[in-house]
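Engineer: This is the structure alone, sequence omitted:
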């Protein structure tokens, strides 16, 4: 007779699902889904795979043990994607874990199968119970629902090429941060970065090389700014970065380092960067005037010969 899932476990599952509903950061949601699923099912290892144009890609993993994992079996995940149904594999006979089992369930939402939750159980003699199957399949459905919402939200606020925030979302974040700065009487600095000679790169070497350049610059921005900084793509080859609680001097040093990094990148045509800087409350009284002040400084930098960082004089 199948052992029923205790009420305490059901309560834990409901609590877990509620926490997913509060998460809008896509990467953090992926990590939480695979971690929670691994722990709730008493699995040893978990992977979360998303179906992309290039195929299934592991986006997050979690280890619930220090043991050596079994070899990931892509054919199981691919079978789940093809048929849209869960697979529970045992008798795998893999190395030191002859009793290893794999539970792999689809994450199916309105737009179809988004990916799979893939769990490895190293040492378990009995097969997974009917109630446990219902549990993991329910987690797969719930995960897909919240994942779909997060993907839609993420696509609405980000630039599809670079993955940075859109200008519209940047404005919303800027307004919020500025209001907080006014309450706490703290600084907020804004950089506007314009890539020099980007049009020539596009014209001479094609849009594909231009896109490669934009993606690489975006990676540099993500790697060299704080998690609290807000980075967006503004227009074709312009970027904007908001730095809460950053003085003008600190912002200028960061800008100069960024210009050096851009200059050292190897593109088919030499690319440099010009940056305009403005700080609240020194140069502006609100988010709109802050943007205009940084834009004025950028214009000055362009006229001075580019490849430089200029602070607003407004």
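Structural biologist: Cool, the structure landed. Computed from a prediction, not measured in an experiment: that's the story for all the values here.
Engineer: who's in contact with stretch 82-89?
Structural biologist: 73, 76, 79-80, 101-106, 108, 113, 127-128, 133, 136-137, 140 (CB atoms under 8 Å, 6 or more residues apart in numbering). Yep, even glycine has a C-beta here, placed from its N, CA and C like the rest.
Engineer: Now it: buried residues?
Structural biologist: 86-88 (16 or more other CB atoms under 10 Å).
Engineer: ok, now stretch 216-231?
Structural biologist: Buried, per 16+ other CB under 10 Å, within stretch 216-231: 216-218, 220-221, 225, 229-231.
Engineer: The stretch 101-250 of the chain: helices as residue ranges?
Structural biologist: 130-157, 167-184, 198-205, 207-224, 248-263 (DSSP state H, counting those that start in this stretch).
Engineer: In CSV, list the ones you listed along with distance to residue 293 and mean pLDDT.
Structural biologist: Formatted as CSV, the helices of the stretch 101-250 of the chain follow (distance: least, CB to CB, whole Å; pLDDT from 0 to 100):
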stretch, distance to residue 293, mean pLDDT
helix 130-157, 25, 87
helix 167-184, 13, 92
helix 198-205, 24, 92
helix 207-224, 21, 94
helix 248-263, 11, 96
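Engineer: Would you mind giving me the confidence score for the residue nearest to residue 38 when sequence neighbours are not counted?
Structural biologist: Nearest residue to residue 38, sequence neighbours excluded (CB to CB, 6 or more residues apart in numbering): residue 46, at 3.4 Å. Note for residue 46: predicted pLDDT of 95.
Engineer: dump the residue contacts of residue 46.
Structural biologist: Contacts of residue 46 by CB under 8 Å, 6+ apart are 34-35, 37-38, 61-62, 64, 117-120.
Engineer: Can you flag which of those belong to strands?
Structural biologist: 61-62, 117-120 (DSSP state E).
Engineer: What residues of the worst-scoring helix or strand of the chain on mean pLDDT count as buried?
Structural biologist: Among the helices and strands of the chain, helix 7-21 carries the lowest confidence by mean pLDDT, DSSP states H and E, at a mean of 78. For helix 7-21, a neighbour-count test (16+ other CB under 10 Å) marks 13, 16-17, 20 as buried.
Engineer: just how off-centre is that helix within its chain?
Structural biologist: Here the centre of helix 7-21 is set off from its chain's centre by 25 Å, with CA atoms, centre = their mean, to the nearest Å.
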